[in-house]
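S.K.: Let me see the structure of the following:
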Amino acid sequence: MARRAAGEPIAYIRGFKEWRSLRIKTDPRALIPRPETELLADAAIREVAATLAQTDVPVVAWEVATGSGAVAVVLALEFREALQSGRLTLIATDLSPDAAELAAENVAAHGVGGSVNLEGGDLLEAAGARLPRPDVIIANLPYVATAEVDTAAGSLAHEPRLALDGGPDGLDIIRRLLDEVPTRAAPAATVLLEIGTDQAAVVRALAPAGASVSFEADLAGIPRVVRIGLSDSNA
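M.R.: So this is what the prediction gives:
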């Protein structure tokens, strides 16, 4: 009760978060999985399924900034057969060693440790080098403005700043990722991003030239998930 009175999130106190009917281990090493991120997971399932249906060659799905590993766990459970047969490779990376450690614990707890390639690293820096270029990129990057993080209101005082702070307008890390995509993703790759309130117009403008851009709204009607489809000319 004292911890809750001090503002610590219930998910940290209990040590887990019920998310998409899964029990995801949570602690201050990573962001607590949000209901909005369920939309991102659903979009990722649809995108990976569609990509697998459109090609006979192996597909690479890469979750950037995996955090607790919740989305990676969902994808590994959904596409277990494709992963086991080699039709799909699932990569999950995070800049934070602590977050990557928590993700590994969640992946193991759900019995999909052999299906997810967990790596440390900044965005797509390893693509085309030690890791393959992704066909589908999934990312819930930091998108809270620095000034809001500085208020330390609610859970912001307890969750890792690295997972929250997106710079002055909340879009610094998203800008960096979208700058990397044309040279580090596979031809005609798809990027799925979770974004914040009032960020849709700017993210549309940040998309690589010639890419298709569409949005999915959350229950409040806020554009929450953006799908960016690269054309072959972006490669």
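S.K.: May I ask which helix or strand of this structure has the lowest mean pLDDT?
M.R.: helix 2-5 (a mean of 91; mean pLDDT, DSSP states H and E).
S.K.: Would you tell me what the next helix or strand after it is?
M.R.: Using DSSP states H and E, the helix or strand that directly follows helix 2-5 along the chain is helix 10-14.
S.K.: next structured bit after that following helix?
M.R.: Next along the chain after helix 10-14, taking DSSP H and E as the criterion, comes strand 16-19.
S.K.: Residues contacting that next one, please?
M.R.: In this structure, residues lying in contact with strand 16-19 by CB atoms under 8 Å, 6 or more residues apart in numbering are 11, 23, 24, 25, 26, 32, 33, 37, 38, 70. Placement of C-beta: from N, CA and C, glycine included.
S.K.: for the chain, what are the low-confidence residue spans?
M.R.: When residues are selected by pLDDT under 70, those of the chain lie in 233-235.
S.K.: Tell me which stretches of it form strands.
M.R.: Per DSSP state E, the chain carries strands over the ranges 16-19, 22-25, 59-64, 88-94, 116-120, 136-139, 190-194, 212-217, 223-229.
S.K.: what's the most buried one of those strands?
M.R.: Of all those, strand 136-139 carries the top mean neighbour count, a mean of 27, counting by mean count of other CB atoms under 10 Å.
S.K.: pretty sure residue 72 contacts residue 94?
M.R.: No: Residue 72 is beyond contact range of residue 94, at 10.0 Å (criterion: CB atoms under 8 Å).
S.K.: shared neighbours, those two?
M.R.: Both residue 72 and residue 94 are contacted by 66, 103, under the criterion CB under 8 Å, 6+ apart.
S.K.: list the contacts for residue 93?
M.R.: By CB under 8 Å, 6+ apart, the contact set of residue 93 is 62, 63, 64, 65, 66, 100, 118, 119, 120, 121, 126.
S.K.: now these in a markdown table, with distance to residue 7?
M.R.: Below are those laid out as a markdown table (distance: CB to CB, whole Å):
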| residue | distance to residue 7 |
| --- | --- |
| 62 | 34 |
| 63 | 29 |
| 64 | 29 |
| 65 | 24 |
| 66 | 26 |
| 100 | 27 |
| 118 | 31 |
| 119 | 33 |
| 120 | 30 |
| 121 | 32 |
| 126 | 37 |
